[in-house]
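**Q** let me see the structure of the following:
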Amino acid sequence: MIYENRYLIKEYKSTIIHKKGALSMNELQQVQRQNNSLDVVRTLDFNIFERFINYLDASPKTVETYKKALRQFFNYIGVHGIRQPQREDVLAFRDDLKASGLKPTTVQNYITATRIFFKWTEQEGLYPNIAEHVKGAKLDKNHKKDYLTSRQAKEVLANVETDTEEGLRNYAILSLMVTGGLRTIEVSRADVGDLRTVGENTVLFVQGKGREEKTEYIKISAPVEKAIRTYLKARDLTTEEQPLFTSTSNNSRGKRITTRTVSAIVKNALKNAGYDSARLTAHSLRHTAITLALLAGREITEVQQFARHANLNTTMIYNHALDQAKNGCSDAITNAIF
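**A** The predicted model follows:
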């Protein structure tokens with residue numbers, strides 16, 4: 001398997017021993033990189049894996065996806081006897097995933113995980129970034145989850161019971177997500193102290209996707225702020241260091257809410273309002289916020305900033321879907337025929 005690299009180690013040792021004279025700095029760095037390359041392939045054990053998982057600081061669902069992706073990759077290079085994987089091996093791995101019949105989104109996720117892993121190994125001085133700029137599968141522009149209309153969003157909120165602390169919390173979370181376009185991980189990571197005032201606006205600082213600090217913020221509208229403040233008032237001894245949203249279950253009461261719980265809250269609220277579909281998930285609330293902003297006529301760059309998309313092309317996917325939905329060709333043809 002991939003951990004058996006004894007002959008390569010001997011080869012590098014031989015290179016160092018038989019090198020005449022002192023090694024230059026560049027040569028030493030090259031040898032170090034070579035040894036590191038061996039180390040990461042030979043010792044991709046739980047220690048390195050756990051270090052990478054801790055570095056991710058991601059939701060349990062994302063962590064599980066990355067684990068599956070990397071198991072697949074290292075199984076692939078092991079089966080093919082690849083001891084020092086290179087860029088072409090990552091490309092071959094991607095093609096193998098496609099050929100296996102996996103969904104394009106799954107292939108995309110697996111390649112993204114591989115890219116991020118090797119970006120990290122290079123940062124840590126463990127192995128070169130052999131997956132840089134490797135693209136995944138081509139995705140359908142309409143692969144995003146469904147979104148709610150403004151009327152449907154109102155119905156979802158109206159069906160939330162708010163006569164308990166749990167109900168107040170759920171209403172606050174749903175209001176925040178559907179108006180601010182928050183991801184589940186951003187809701188989970190939010191602290192009470194992240195709710196601040198900037199100028200005349202109440203804002204919530206969030207730790208966005210791929211961010212190490214809470215440098216971005218979203219504006220909180222008056223109804224949403226009221227919902228959050230009402231919920232916090234129902235909680236006991238709230239301090240700025242505490243999580244903004246906490247668990248109400250007996251086993252973990254008062255602890256930070258998990259992304260899984262946030263997803264369950266959204267899914268249950270959707271079901272209670274009569275919207276039980278596999279294409280409606282917690283991410284649908286983010287999709288809804290972005291779509292409603294575009295429908296309201298906001299500029300695409302303004303929506304990009306609101307959504308905290310690093311790439312404008314990501315925002316354009318939503319715009320493209322709306323253009324298709326508003327296309328009147330089918331209606332015109334129907335009127336002409338019938």
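**Q** residues making contact with stretch 249-260?
**A** S59, P60, K61, T184, I185, V187, S188, P243, F245, T246, S247 (C-beta atoms under 8 Å, 6 or more residues apart in numbering). Where C-beta positions appear, they are placed from N, C-alpha and C, glycine not excepted.
**Q** got the CA coordinates for stretch 92-99 in CSV?
**A** The C-alpha coordinates for stretch 92-99 follow below in CSV (Å, rounded to 0.1, in the frame of the first residue of the first chain):
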residue,chain,number,x,y,z
ALA,A,92,-6.8,10.6,-13.1
PHE,A,93,-8.6,10.2,-9.7
ARG,A,94,-11.1,12.8,-10.8
ASP,A,95,-11.7,10.9,-14.1
ASP,A,96,-12.1,7.7,-12.1
LEU,A,97,-14.8,9.3,-9.9
LYS,A,98,-16.7,10.5,-13.0
ALA,A,99,-16.5,7.1,-14.6
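**Q** buried residues, that stretch. List them.
**A** Using 16 or more other C-beta atoms under 10 Å as the test for burial, stretch 92-99 gives A92, F93, R94, D96, L97.
**Q** again with stretch 300-320
**A** By neighbour count, with 16+ other C-beta under 10 Å as the criterion, the buried positions of stretch 300-320 are V303, Q304, F306, A307, R308, H309, T315, M316, I317, Y318.
**Q** now, among those, which is nearest to V192?
**A** Comparing the buried residues of stretch 300-320 against V192 with C-beta to C-beta places R308 closest, at 21.3 Å.
**Q** how about the closest one, phi and psi?
**A** The phi and psi values for R308, taken as degrees, to the nearest 10, are phi 60, psi 40.
**Q** my guess is it contacts T215, does it?
**A** No - under the criterion of C-beta atoms under 8 Å, R308 makes no contact with T215, lying 10.3 Å away.
**Q** any weak-confidence spans in the stretch 101-250 of the chain?
**A** 139-145, 209-210 (pLDDT under 70).
**Q** what sits against the residue nearest to Q72 when sequence neighbours are not counted?
**A** Nearest residue to Q72, sequence neighbours excluded (C-beta to C-beta, 6 or more residues apart in numbering): Y110, at 6.2 Å. Counting by C-beta under 8 Å, 6+ apart, Y110 touches T65, K68, A69, Q72, F73, L97, L102, G136.
**Q** farthest pair within these?
**A** K68 and G136 (14.6 Å).
**Q** look at the two and report which has more neighbours.
**A** Using other C-beta atoms under 10 Å as the criterion, K68 and G136 rank with G136 on top: 20 against 14.
**Q** now the more buried one: phi and psi?
**A** phi -90, psi -150.
**Q** quick check, it in contact with T106.
**A** No - at 9.4 Å, G136 does not count as touching T106 under the criterion of C-beta under 8 Å.
**Q** circling back: buried sites along whichever helix or strand the residue nearest to Q72 is part of?
**A** Under DSSP states H and E, the secondary-structure element containing Y110 is helix 104-123. Across helix 104-123, burial judged by 16+ other C-beta under 10 Å covers 106-118, 120-122.
**Q** one more: stretch 265-281?
**A** I265, V266, K267, A269, L270, A273, Y275, L280, T281.
**Q** need those residues in a markdown table with distance to R196, pLDDT and secondary structure, can you?
**A** Compiled in a markdown table, the buried residues of stretch 265-281 are given as follows (distance: C-beta to C-beta, whole Å; pLDDT from 0 to 100; DSSP: H, G, I helix; E, B strand; the rest coil):
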| residue | distance to R196 | pLDDT | secondary structure |
| --- | --- | --- | --- |
| I265 | 24 | 97 | helix |
| V266 | 25 | 97 | helix |
| K267 | 30 | 96 | helix |
| A269 | 27 | 97 | helix |
| L270 | 30 | 96 | helix |
| A273 | 32 | 95 | coil |
| Y275 | 33 | 94 | coil |
| L280 | 32 | 92 | coil |
| T281 | 29 | 91 | coil |
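**Q** what is the nearest of these to R87?
**A** T281 (34.6 Å).
**Q** over to the closest one: give its phi and psi.
**A** Taking degrees, to the nearest 10, you get phi -140, psi -170 for the backbone angles of T281.
**Q** that one against V262, yeah?
**A** No - in this structure T281 lies outside contact range of V262 using C-beta under 8 Å: 10.8 Å.
**Q** just how off-centre is the helix or strand where D95 lies within its chain?
**A** Using DSSP H and E, D95 falls within helix 87-99. Chain-centre distance of helix 87-99: 23 Å, with C-alpha atoms, centre = their mean, to the nearest Å.
**Q** averaged pLDDT, it. What do you get?
**A** Averaging pLDDT along helix 87-99 yields 89.
**Q** which residues sit against that helix?
**A** Residues outside helix 87-99 that contact it (C-beta under 8 Å, 6+ apart) are 72-73, 76-77, 80, 82, 106-107, 110-111, 114, 118, 130-132, 134, 136-137.
**Q** wait, which of the buried residues of helix 104-123 is closest to R196?
**A** Among the buried residues of helix 104-123, and counting by C-beta to C-beta, the member closest to R196 is I116, at 30.7 Å.
**Q** how about the contacts made by the closest one?
**A** L56, Y66.
**Q** what does the one 3 residues further on give?
**A** When contacts are counted by C-beta under 8 Å, 6+ apart, K119 touches N129, A131, E132.
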